[in-house]
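A.B. asks: let me see the structure of the following:
(2 chains)
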Amino acid sequence: MSAPSVNTGANRVAGKGRLSPAKTVSFTFDGKSYNAMEGDTLASALLANGIHLVGRSFKYHRPRGILGAGPEEPNALMGISRDKARFQPNVRATCQEVFDGMDAKSQNRFPSLEFDVGAVNDGLGRFFPAGFYYKTFMWPQSAWDKLYEPIIRRAAGLGDSPTEADPDHYANRFAHCEVLVVGGGAAGLTAAKAAAASGKRVIIADENPIMGGSLLSDSVVKLNGKTGSDWAASIVSELEAMDNVTVLPRTTAFGYYNHNMVTLAERVTEHMANPDPELPRERMWQVRAEKVILATGAIERHLVFPDNDRPGIMMASAAGTFLNQYGVTPGANVAVYTSCDSAWQVAFDLKEAGVNIPAIIDQRDAIDDALLARAAELGITVKKAHAVTKTRGRLRVKEITIEPVNGVSSEAIPVDCLLMSGGWTPSVHLFSQSRGRVKFDEDSGTFLPDIYTEDCVSVGCCNGTMDMEAALAEALTAAKEAVGGRARKAPKVENASSMNGFKIGSSKGAGPEDFTKAFVDFQNDVTAKDIRLAVREGFQSIEHVKRYTTNGMASDQGKMSNMHGLAIAAEMLDKPIPEVGLTTFRSPYTPVTFGTLVEHNKGELFDVTRRTPMYDWAAKHGAAFEDVGNWKRAWYFPKAGEDMHAAVNRECVATRKAAGIFDASTLGKIEVVGPDAVKFMNMMYTNPWDKLAVGRCRYGIMCREDGFVYDDGVVARMAEDRFHVTTTTGGAPRVLNMMEDYLQTEFPEWKVWLTSTSEQWAVIAVQGPKAREIIEPLVEGIDLSNEAMPHMSVREGKIFGIPTRLMKVSFTGEAGFEINVPADFGQSVWEAIWERGEPMGLTPYGTEAMHVMRAEKGFIIVGQDTDGTVTPQDAAVGWAIGKKKADFVGIKGLQRPDLIGKGRKELVGLKTIDPKIVLEEGAQIVDNPNHPIPMPMIGHVTSSYWSEVLGHSIAMALVVDGHSRMGETLHVPMPDSVIKVEICSPIFYDPKGERTNG
Amino acid sequence: MANALRIQPLEDRVYGNNGVILQPLEACERISLRAEDKAIAGLGKAIGLALPKKPGTSSEKNGIIAMWIGPDEWFVTAPEGTGLEAKIDKVKTGLYSAVSINHRNTGLTISGKNAVNALNSGCPRDLSLTVFPVGACSRTMIAKAEVILYRTDEQEFRVECWRSFSDYVWKYLMDAARSA
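C.D. replies: Residues are numbered from 1 along each chain as shown, chains lettered A, B, ... in the order given. The predicted structure is shown next:
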């Protein structure tokens, strides 16, 4: 019983191509259903169904058809969806494999492809010259935001963004290999096979689903007696069977970075109808290769002639691919317009498949005899030294007009398809991205790799070696140089097609004297005329011409257009091409989805979320958390019905009246150990450390070389040669880095080592008049009395049975302790303290209450009250500078005249005259609020809170010469009022510091 | 005094999928050891193995492992109860710094036929057996987290990171395992 036959399009040629009519899928295009064979690209499926018209152009909204058969396709960009949430715009129909149920939509048209109102632009073409946007939207400047930009944004750009979150997941893989081969054509496969035989690691990537490159579309070539596609298939299966080889089809090498790092985008599920949801949609590969072999091939150029963009006009090689790979003919009456030999074979193939070829029109006069003989044999009319100068047909080409290149007579030929070829442009994109320099080759009209900066080699067509036998020899040499070993034998090549002949620049009918639309860049709608206009308007550099005209920009990256644009500009400038130069190719080679670039780093994995050992306790007790760097810190602990202010007020009062418990684990900690530890501390901090006794703590200030405050923290001396240094939460990594930097570069001979212990210790701050009473019964081996353990001291002992570094320090102004215990015990010790303290009024407080209480005491927060331009004296902690010290980081900076003179912003306290007003942090401060605008601003508010304990607002501010302005009244202008403030000491609470002794 | 409960950050987790198994490490002793050349031999004797001198290598004896992490830096780990700190404290020849980081770090084991692929989702190092054989170690990255990676078998690695990064590392490797 035979399978029911499904109609996959009228333009199929039985027996041609590699697809099986037994396996079919269905898809929709602009809402209409079609069938395709499994393995079809969207382009081949549409052509099989007789559809050429697939899009509207970017600027003029001209009807456009499928031009190519690969990644160079500038016209057939589609919106592809699998379901509502899985939609991707600007997909090249020539690369997208059709899967069952696929929904494809054309773009840039309204309301439909056949009738598009935007096409009015085409008629107005002379009003949209190159640089149109620059010229039209110049002024008035005020119209830019409201008028021009929205218009341009709507008009510009292709495709729509997806509207729903992407449900797919993506992956990343770092890989290393001795040889990375980019491109799986004849040269790439040959190089990979030869390199793989050495046993070294080889990765070969090709953007197409099946490797073989042009071999798959070649009907006549034979390698070792096999057809091109059979030979390619046999090499691929050999490679796939080897453990040392990774074969990556559907994988585009899109970026080439330093030290042979090449990025690949592997499309894992894009071709599947019902992909396993566990599979990543795409996988990014970051490959570090010892040697990169570029076998990226060449891309066929179109010809620049009037109205060369009608649907039905396509690349000759594309037609060869559609016929020989997919069994699809692009038309029934197909003319071929060329300046290159390779298009002839396509004409022969089509003719043999039963397609009428009304003529091969070749611009050249001298044509290879064998081609002429074969054409004659097949009965194909040949028009030597002729050009196509006109085309007709609104939604599909229906007639072409040809003229002799050097003559005036003309002849019209009815067609339903026109194939064109201007020769081949080597794909030097990746080579160019690797910072390699190209050189112009006059004989072939191509830019070829010349000077390499990375350890890579180009082989085959991308190196200008268009002859297959020579290309394979080149590939073998490259492989041998990469992996050593003996020379491998090249496969025997028969019947390779010639790729001789080329044309760059405009052809007849599109010359300087013509006013036709002859497209150079289809994707960006740039014509030959536009390039000339740019040059006439004074743009000399090809980089400027590119940007002015948009030729070769955006996702297209000039795959087809670059050489033509360059040649036309060179002609206008009357300069040889090498002098005009080539624009630089940018990554990515073809567009890469955001998902692939983001890979695993989304959602929870977007960034690291750091939690302290007591996080769970805080969460259980209803804490609101704030992000501090990557940390989640308990911000405040609201009780039922409390807002943040109520909670913070309660936490502050409870701490000052009884006791508070606070998670200070995020503080940075560095263990400084070694006989030179004290010398090192003297150098890194402004304070003197020689006389700090073992068991005592000191508040330290760290400056940068320029004398500005960099970090601060309490430092405990654990032993003669061991310090327990604490840093700010945010400063932990950079302080350690700076210390290591000095140690390794300035003082490598000093015997001192630094170890980060930030996460070794959980830190539980218990602060307030009852702090000692609460913890005392839990502590073993430490006398907590004021006499035995004064403020700013450290003892080692045990708490709740756990070894602790117990510090008597205070960031609240109350007597209190910071209890360091090994982190895994943090929560357990916390709970023990909580269990005992709760009945005594112990209250958990968060970072907000901590901020309020430290501000009540005038303690600065580095980064809030300082901003990298504040010296210790400015911050009112000049007392922390060791006056007798000969050296420390920042000592020279602090002697600069502008750092010690008058006029510096100094840290002061501010009291609002109305005690209920809480200033805004960041608010500006002025002397005279009646001064005409611009008003001189003399400072700003750095910290501002409501102090429930004091019953009024408090603030800290940096004010010019603030220290000598005590008692002065200043003003804080706000949008609706001016707030009067008085300068005061920043120490609002317990100015004598009597409470710290408990 | 009641016994305080030790809560390790990855406690009670386990994961297996697609040829990748993740398991948290048991609690152990960990020392960040820095030392000048003169102290190396004595320290080795005290610990019970020769400190490796070649970059990226390790030595192992009776469950005690010393990994070369930097020119004068070793990551030394041993089963609970070994008493590494006390042993090191007795060394009187040469200068060194030993800091306990047994709670700073936490660790996991990743194993299975796709373990290397999962690691290479976030770790840029070449983890082939020739370049990174059994016993090799390195301070490196898994995506945004710094880790020490130590190969314990052809298809098994120990991953050490700071405790607050462990949740991220664990979840990253879970996501990576899915696509390995």
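
A.B. asks: need the pLDDT of residue A:158.
C.D. replies: Looking at residue A:158, its pLDDT is 68.

A.B. asks: partners of residue A:722 in the sheet?
C.D. replies: Counting by DSSP bridges, residue A:722 forms beta bridges with residue A:673, residue A:719.

A.B. asks: does it touch residue A:670 like I think?
C.D. replies: No - counting by Cβ atoms under 8 Å, residue A:670 is not a contact partner of residue A:722; they are 11.3 Å apart. C-beta here means a position set from N, CA and C on the backbone, and glycine is covered the same way.

A.B. asks: more neighbours: the two, which one.
C.D. replies: A direct count of neighbours by other Cβ atoms under 10 Å in any protein chain shown for residue A:722 and residue A:670 places residue A:670 higher, at 24 against 18.

A.B. asks: OK, contacts around the more buried one?
C.D. replies: With contact set as Cβ atoms under 8 Å, 6 or more residues apart in numbering or on different chains, residue A:670 has these partners: A:725, A:727, A:732, A:735, A:736, A:739, A:754, A:755, A:756, A:757, A:758.

A.B. asks: so which of those residues are in strands?
C.D. replies: A:725, A:727, A:754, A:755, A:756 (DSSP state E).

A.B. asks: between those residues, which is closest to chain B?
C.D. replies: Taking Cβ to the nearest Cβ as the measure, chain B lies nearest residue A:755 of the ones in strands among the contacts of residue A:670, at 4.0 Å.

A.B. asks: I'd say that closest one and residue B:30 touch.
C.D. replies: No - here residue A:755 does not reach residue B:30: they are 11.3 Å apart, not a contact under Cβ under 8 Å.

A.B. asks: related to what we said a few turns ago, nearest to residue B:66, of the contacts of residue A:670?
C.D. replies: residue A:755 (16.0 Å; Cβ to Cβ).

A.B. asks: relative to residue A:194, how far out is residue A:971?
C.D. replies: 81 Å (Cβ to Cβ, to the nearest Å).

A.B. asks: and the two? Which one has more around it.
C.D. replies: residue A:194 (28 against 19).

A.B. asks: how near is the residue lying closest to that one once chain neighbours are set aside to chain B?
C.D. replies: Nearest residue to residue A:194 in three dimensions, chain neighbours excluded: residue A:479, at 3.7 Å (Cβ to Cβ, 6 or more residues apart in numbering or on different chains). The gap separating residue A:479 from chain B is 20 Å, by Cβ to the nearest Cβ, to the nearest Å.

A.B. asks: now for residue A:479: which residues touch it?
C.D. replies: Contacts of residue A:479 by Cβ under 8 Å, 6+ apart are A:179, A:190, A:191, A:192, A:194, A:195, A:293, A:488.

A.B. asks: that one: what secondary structure?
C.D. replies: Residue A:479 falls in the helix class when you classify it by DSSP: H, G, I helix; E, B strand; the rest coil.

A.B. asks: report the central residue of the chain.
C.D. replies: Unless you meant another one, I'm taking chain A. residue A:597 (6.2 Å; Cα atoms, centre = their mean).

A.B. asks: hmm, no, I was thinking of chain B.
C.D. replies: By Cα atoms, centre = their mean, the mean C-alpha position of chain B lies nearest to residue B:160, the distance being 4.5 Å.

A.B. asks: specify the beta-bridge partners of that residue.
C.D. replies: residue B:107, residue B:148.

A.B. asks: buried ones in stretch B:148-168?
C.D. replies: Neighbour-count burial for stretch B:148-168, counted by 16 or more other Cβ atoms under 10 Å in any protein chain shown, picks out B:148-152, B:155, B:157-168.

A.B. asks: for the stretch 451-600 of chain A, which segments count as strands?
C.D. replies: Ranges of strands in the stretch 451-600 of chain A, per DSSP state E, counting those that start in this stretch, are A:456-458, A:493-494, A:519-521, A:526-527.

A.B. asks: so for chain B, which of these sits nearest?
C.D. replies: strand A:456-458 (18.8 Å).

A.B. asks: just checking, what packs against that closest one?
C.D. replies: Packing partners of strand A:456-458 (3 or more Cβ pairs under 8 Å, 6 or more residues apart in numbering or on different chains; DSSP states H and E): strand A:282-294, helix A:468-483.

A.B. asks: as JSON lines, those with mean pLDDT would be great.
C.D. replies: JSON lines is the format used below for those (pLDDT from 0 to 100):
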{"stretch": "strand A:282-294", "mean pLDDT": "98"}
{"stretch": "helix A:468-483", "mean pLDDT": "97"}
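
A.B. asks: residue A:373 is nearest to which of the ones you listed?
C.D. replies: helix A:468-483 (21.4 Å).

A.B. asks: centre of the chain versus that closest one, how much separation?
C.D. replies: How far helix A:468-483 lies from its chain's middle: 35 Å, per Cα atoms, centre = their mean, to the nearest Å.

A.B. asks: now that helix against strand A:282-294, angle please.
C.D. replies: Angle, helix A:468-483 to strand A:282-294, by axes from the mean of the first three to the mean of the last three Cα atoms, to 10 degrees: 100 degrees.

A.B. asks: ranges for the helices of chain B?
C.D. replies: In chain B, the helices defined using DSSP state H lie at B:37-47, B:84-89, B:115-119, B:166-178.

A.B. asks: need the winner for burial among those helices.
C.D. replies: The highest mean neighbour count among those, using mean count of other Cβ atoms under 10 Å in any protein chain shown, belongs to helix B:115-119: a mean of 25.

A.B. asks: who are the packing partners of that helix?
C.D. replies: strand B:20-24, strand B:156-162, helix B:166-178.

A.B. asks: among those, which comes closest to residue A:175?
C.D. replies: helix B:166-178 (13.7 Å).

A.B. asks: go ahead and name everything in contact with the closest one.
C.D. replies: Applying Cβ under 8 Å, 6+ apart, the contact partners of helix B:166-178 are A:169, A:171-172, A:278, A:280, A:600, A:604-605, A:608-609, A:611, B:9-10, B:13, B:15, B:17-20, B:22, B:106, B:108, B:110, B:114, B:117-119, B:121-122, B:142-145, B:147, B:159, B:161.

A.B. asks: what about it, distance to the chain center?
C.D. replies: 17 Å.

A.B. asks: ok and it relative to strand B:156-162, angle-wise?
C.D. replies: 150 degrees.

A.B. asks: tilt between helix B:166-178 and strand B:20-24?
C.D. replies: 170 degrees.

A.B. asks: need the CA coordinates for helix B:166-178. CSV is fine.
C.D. replies: Taking Å, rounded to 0.1, in the frame of the first residue of the first chain, the C-alpha atoms of helix B:166-178 are listed here in CSV:
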residue,chain,number,x,y,z
SER,B,166,26.4,27.6,47.2
ASP,B,167,22.6,28.0,46.5
TYR,B,168,23.5,29.7,43.3
VAL,B,169,26.1,27.2,42.3
TRP,B,170,23.8,24.3,43.1
LYS,B,171,20.9,25.8,41.1
TYR,B,172,23.2,26.7,38.2
LEU,B,173,24.5,23.2,38.0
MET,B,174,20.9,21.9,38.1
ASP,B,175,20.0,24.1,35.1
ALA,B,176,23.2,23.1,33.4
ALA,B,177,22.5,19.4,34.0
ARG,B,178,19.2,19.7,32.2
